[in-house]
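Trainee: Got a sequence here, can you build the structure:
(one chain, ligands or ions: 1)
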Amino acid sequence: MADETLMVNFSAPKKFKAYKTHHGSFKARDKWAQKKQAALKRKASGERLVSQFKHKKPRPSDQTWDSQSPPLSPKFPQNHKKHSQSDQTSTLKSAPLSPKSPSPSKQKKHFQPDQEQPTPVSLSPQTHSRKQTQGGQGPQGKKPQQAPDRKRSDGGPAAGKPAIKTSSLFKNNPDIPSVQAPSVTQLKEKVFTTDSFAELDLHPHLLATLNKVLSVTSMTSVQKQTIPVLLAGKDAVVRSQTGSGKTLAYGIPIVQSLQAAEPKIKRSDGPLALIVVPTRELAQQSFQILQKLLKPFTWIVPGVLMGGEKRKAEKARLRKGINILVSTPGRLVDHIKNTLSIVFSSVRWLILDEADRTLDLGFEKDLTVILNALNAGGSPRQNVLLSATLTEGLSRLADISMKDPVSVHVSEDPAGVHVPERTGRSRVVCEGREEQRAEVEGEGEVEVAVAPVAPVAPVAPVAPAPACDKAEQPERFAVPEKLQQHMVVVPSKLRLVCLAAFILARCKFESGQKLIVFVSSCEAVEFLLTLLSAVLVGQRDAADTPTPKKTPPKSKGAPPKAINFLRLHGNMKQEERMEVFQEFSQCTSGVLLCTDVAARGLDLPQVTWIIQYNPPLSAAEYVHRVGRTARIGAEGSSLLFLTPAEVAYVDVLANHNISLSEMKLEDILSVLLRDERFRGRGRWDSKKRQAAVEQDMRERATVLQTDFENIVHASEESVQTAKKALQSFVRAYTTYPSGLKHIFHLRSLHLGHAAKSFGLRDAPKNLTHTSGDSTRKDRNKDKK
Ligand SMILES: Nc1ncnc2c1ncn2[C@@H]1O[C@H](COP(=O)(O)OP(=O)(O)OP(=O)(O)O)[C@@H](O)[C@H]1O
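Mentor: Prediction:
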């Protein structure tokens, strides 16, 4: 939908569309990846990007680059154009990181020559860029002059080393505002109770399965409140925080009731319980839990239907009979319309897990079809809606499909009762219904042949929640008690290096860290996967020591600490999605780059950090994303990236009782001081002064950014891929709901700076968009 509102003219070569990495890991299956791997190998052998000159003695003439000097790789001629000094190269020293950093003039003062002023990274287009030192042909196709190796032998600012062409990363950035996080009373939910499952009147085999197979003994709060209600045959609307055990809260009563059914259930009875979930991974996960619960009750057959699987095989399984059916909405509708053997006359249970998401995803029409088909079946049934963020909009669904539902709100501070105390700049901002991010479930392949369904008691289409009334009190959401929530304000240009530095800090200098990074589009996920893998993974000259002087001689055979990058998004093939899901579930450390396809319901063990590289479309989605960590009473942390223009989002979250503490950009970037791969040419390591340390850090950040840019600009294809990723980011930026447009608006997006965070040296000239009207029209159309 939003696609149509953008008229972006990137003409990426068609063949490039086929470039994908495999299994989410970085594997060279395509040309671009091969090139990047080649670059990686060069680095791995200690050559960095100046390998060709490693053994050549630097000469004074090597210090400069002139028009006679061709660039260094035959692959790069077209990229070797000179960039204007103002926007492409600069000294690092003059730009403040934030208002708190020394002002340019102050910094200058710090770095007087008599105070060992650092050698400025050259501004001059006559100096060698890291790329320029790679060898190859110049603009005029002439041979390069010899360039010295930028590796130092003495630990000092190597005389004879090339200057590094630096991007103006720290210049012309908007000021970082000081963040006055409003004080918020967070809603609390006690996860566990002291009550055992044995107190419920469950079948002994079910009880034994809970204890032995699922290793659970005490009930969680939501289980204690929900299971008796459902066992009593009532409908329920269940809201409790992420990772609090909602799956068992509905799974146990279903299994308990079906195993006791008389006459004994047969496969041929068809579906008796239907569980609808918004994503395939969640469908698979819920199915696996039900399989475990059903271990002692072999006559009850569970099954799963989801987009991406073979319909024929699913039809065959439906024909044989499935008693507890888990499905994504799109695929279920597909079968309702096309599979004769799907019969709902016996359905006694309808569970809508992540019920609000199922509506948000634009599945309301699907849900109407499902409800009509169930009603046509005519059997009385229990209906249960569950989510950590059930909102008012869901009550309409409850009206349609439920009978006097019992409301289970685990929070100690039920919404509407307590008005949290706030100070600061809080303001009420209500999010309207979310725009659908088209890729999310990847169910687009569902072909629905319009076969007539004859509903006995047709239900009206489930209406989406109307746009929030400004005066309405926003929903208060509970987040896990042991979740440490952080935010960092990062100017656009520095986003990529900040993300990379954060990943390095967690995955290279700490162990056992499992990170999930949320990104706003599939293309950006793919792009980041390739780029981060190429730059951060497996460089053998990496030194993990804090100071260069202590750098050990290159260790023979000591493997570099590899970072396991994976990715998950809706444009992936189904098998790949499942493999990645399993792999990330089982690994003990790694980074999962993903879209919101992984935001809901997934129970991935031991995730330590959630990074929201792009802010979510709503506070509810924020809650679900961070809820992938700190589950079931465990500890976990989250980090939200905001640009200076987006800082007001902190207030929006505060209005939903979500409170964040600020991390400083400098603190995140400071990890680069420990990584010698990104060492610049200054002798900052020998100095203790704060200004020198900061200068060193900036230089290293620039080296890192230059690595990214070199990889992106290694070929026209990779430039096009970066542009496509940027384009997808811009498109996603248009999908923030109107209630958040004052924070996330294209007008406040600096394209040139955003381009930098995609490793592009310039803002693409042909990227245009019609930001306002048509986007709005689309959104209104969507609301009708
Ligand atoms: N009573 C219990 N004791 C210990 N662990 C439990 C208990 N109940 C559930 N768990 C575990 O807690 C984890 C989270 O459960 P579940 O995925 O059902 O949470 P949820 O509330 O549905 O989360 P979300 O809102 O994110 O979907 C799972 O690993 C599950 O095995």
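
Trainee: my guess is residue 370 is in a strand, correct?
Mentor: No: Residue 370: not assigned to a strand; according to DSSP: H, G, I helix; E, B strand; the rest coil it is helix.

Trainee: The residue lying closest to it once chain neighbours are set aside is in what secondary structure piece?
Mentor: Leaving aside its sequence neighbours, residue 370 sits nearest to residue 332 (C-beta to C-beta, 6 or more residues apart in numbering; 6.0 Å). For every residue, glycine as well, the C-beta is placed using N, CA and C. Element membership for residue 332 (DSSP states H and E) is helix 329-338.

Trainee: Beyond that helix, next helix or strand please.
Mentor: Beyond helix 329-338 on the C-terminal side, the first helix or strand identified by DSSP H and E is strand 349-353.

Trainee: Could you check the angle that next one makes with helix 329-338?
Mentor: Interaxial angle of strand 349-353 relative to helix 329-338 (axes from the mean of the first three to the mean of the last three C-alpha atoms, to 10 degrees): 140 degrees.

Trainee: Run through the residues of the chain sitting next to the ligand.
Mentor: Contact residues, the chain versus the ligand (C-beta under 6 Å from any ligand atom): 216, 218-220, 223, 242-248, 388, 601, 603, 627, 631-632.

Trainee: Tell me where the stretch 651-784 of the chain has helices.
Mentor: 665-669, 690-712, 716-733, 751-756, 773-783 (DSSP state H, counting those that start in this stretch).

Trainee: quick one, phi psi at the residue nearest to residue 305 when sequence neighbours are not counted?
Mentor: Take residue 305 and drop its neighbours on the chain: the residue closest to it by C-beta to C-beta, 6+ apart is residue 327, 4.1 Å away. With angles defined as degrees, to the nearest 10, residue 327 sits at phi -150, psi 160.

Trainee: what's the answer for residue 406, then?
Mentor: Torsion angles, degrees, to the nearest 10, at residue 406: phi -80, psi 130.

Trainee: Counting neighbours, what do you get for it?
Mentor: Neighbourhood size, residue 406 [other C-beta atoms under 10 Å]: 17.

Trainee: which residues touch it?
Mentor: When the contact criterion is C-beta atoms under 8 Å, 6 or more residues apart in numbering, the partners of residue 406 are 229, 234, 235, 236, 237.

Trainee: is it in a bridge, and if so with what?
Mentor: residue 236 (DSSP bridges).

Trainee: from memory residue 272 sits against residue 350, does it?
Mentor: No: judged on C-beta atoms under 8 Å, residue 272 makes no contact with residue 350 at a distance of 10.7 Å.

Trainee: Settle this for me: the residue nearest to residue 370 is touching residue 277, isn't it.
Mentor: No: with contact defined as C-beta under 8 Å, residue 332 does not reach residue 277; the gap is 10.3 Å.

Trainee: Tell me the pLDDT of residue 134.
Mentor: For residue 134, the pLDDT comes out at 31.

Trainee: Which residue, other than its chain neighbours, is closest to whichever residue of the stretch 351-500 of the chain sits closest to the ligand?
Mentor: Nearest to the ligand in the stretch 351-500 of the chain, going by C-beta to the nearest ligand atom, is residue 388, at a distance of 4.3 Å. With sequence-adjacent residues excluded and distances taken as C-beta to C-beta, 6+ apart, residue 388 is closest to residue 242, at 4.6 Å.

Trainee: Next, the contact list for the one you found, please.
Mentor: 388, 479, 480, 623, 624, 626, 627, 628, 631.

Trainee: now it, what's its secondary structure?
Mentor: coil.

Trainee: any idea how far it lies from residue 336?
Mentor: Residue 242 sits 30 Å away from residue 336, going by C-beta to C-beta, to the nearest Å.

Trainee: mind checking pLDDT for residue 551?
Mentor: With respect to pLDDT, residue 551 scores 38.

Trainee: no wait, residue 356
Mentor: 88.

Trainee: Which elements pack onto the helix or strand where it lies?
Mentor: Here residue 356 sits within helix 355-358, counting by DSSP H and E. Using 3 or more C-beta pairs under 8 Å, 6 or more residues apart in numbering; DSSP states H and E as the contact test, the elements touching helix 355-358 are strand 382-387, helix 393-401.

Trainee: 6 Å instead, please
Mentor: strand 382-387 (3 or more C-beta pairs under 6 Å, 6 or more residues apart in numbering; DSSP states H and E).

Trainee: picking that back up, the helices of the stretch 651-784 of the chain into a markdown table, with extra columns for mean pLDDT, mean neighbour count and distance to residue 345?
Mentor: Converted to a markdown table, these look like this (pLDDT from 0 to 100; neighbours: other C-beta atoms under 10 Å; distance: least, C-beta to C-beta, whole Å):
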| stretch | mean pLDDT | mean neighbour count | distance to residue 345 |
| --- | --- | --- | --- |
| helix 665-669 | 96 | 19 | 58 |
| helix 690-712 | 90 | 24 | 58 |
| helix 716-733 | 96 | 23 | 43 |
| helix 751-756 | 94 | 21 | 55 |
| helix 773-783 | 37 | 15 | 35 |
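
Trainee: got those helices as CSV, with distance to residue 517 columns?
Mentor: Output for the helices of the stretch 651-784 of the chain, formatted as CSV (distance: least, C-beta to C-beta, whole Å):
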stretch, distance to residue 517
helix 665-669, 14
helix 690-712, 16
helix 716-733, 14
helix 751-756, 17
helix 773-783, 26
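
Trainee: what's the closest of the ones you listed to residue 313?
Mentor: In terms of C-beta to C-beta, the element of those nearest to residue 313 is helix 716-733, at 32.9 Å.

Trainee: Check which helices and strands the closest one sits against.
Mentor: Partner elements for helix 716-733 (3+ C-beta pairs under 6 Å, 6+ apart): helix 522-536.

Trainee: Just the mean pLDDT for the helix it packs on, thanks.
Mentor: The average of the pLDDT scores along helix 522-536 is 96.
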